[in-house]
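**Q** Kindly generate the corresponding structure for this input.
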Amino acid sequence: QVQLVESGGGLVQAGGSLRLSCAASGRSAWTYVMGWFRQAPGKERAFVAAISYSGGTTYYEDSVKGRFTISRDNAKNTVYLQMNSLKPEDTAVYYCAAKASGLRTISGYEYWGQGTQVTVSS
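**A** The predicted model follows:
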């Protein structure tokens, strides 16, 4: 079992930055592929980014490439999502997720956090 707790959401103006954190706990949490997803009002939850267990490989959804950076600190069992140049369309609840393998497959995530709200004003 892996428990995930997100933090760092908030209200920011367009063009601003936020850094989300996801603290993982549980057996072998550091060995999991970690991902970030988001769900905007009235829309389905969508993939944002993922990172391999070592942190050496990352994968992004096209609309966030060059603006968002996913990283992890396995010593702290924490995954981050640095979000720069934020746009109003980035407004959503952001979720952290974990799975055993399959970095480039957006399905198969076994564990989910409770989500953190990000609101970008224009």
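
**Q** switch to C-alpha atoms for all contacts and neighbour counts from now on
**A** Fine.

**Q** buried ones in stretch 22-41?
**A** Neighbour counts using 16 or more other Cα atoms under 10 Å place 22-25, 29-40 of stretch 22-41 among the buried residues.

**Q** next one: stretch 53-65
**A** 53, 55, 58-60, 64.

**Q** what does that stretch rub up against?
**A** 30-34, 47-52, 70-72, 74, 103-104 (Cα atoms under 8 Å, 6 or more residues apart in numbering).

**Q** how about 10 Å then?
**A** With Cα atoms under 10 Å, 6 or more residues apart in numbering as the test, stretch 53-65 has contacts from 29-37, 46-52, 66, 68-74, 79, 83-86, 90, 98-101, 103-106.

**Q** follow-up on the earlier one: so which of the buried residues of stretch 53-65 sit within strands?
**A** 58-60 (DSSP state E).

**Q** How about the closest residue to Ser101 other than its chain neighbours: which residues does it bridge to?
**A** Spatially, and ignoring its direct neighbours in sequence, Ser101 is nearest to Val33 (5.8 Å; Cα to Cα, 6 or more residues apart in numbering). Applying DSSP bridges to Val33 gives these bridge partners: Lys99.

**Q** Does Val33 touch Ala97 like I think?
**A** Yes - contact criterion Cα atoms under 10 Å: Val33 and Ala97 qualify, at 8.4 Å.

**Q** which residues are in contact with both of the two?
**A** Residues touching both Val33 and Ala97 by Cα under 10 Å, 6+ apart: 50, 109.

**Q** and the one helix or strand Ala24 maps to, what does it pack onto?
**A** Per DSSP states H and E, Ala24 falls inside strand 18-26. The helices and strands touching strand 18-26, judged by 3 or more Cα pairs under 10 Å, 6 or more residues apart in numbering; DSSP states H and E, are strand 2-7, strand 10-13, strand 33-39, strand 68-73, strand 78-83, strand 92-99, strand 116-121.
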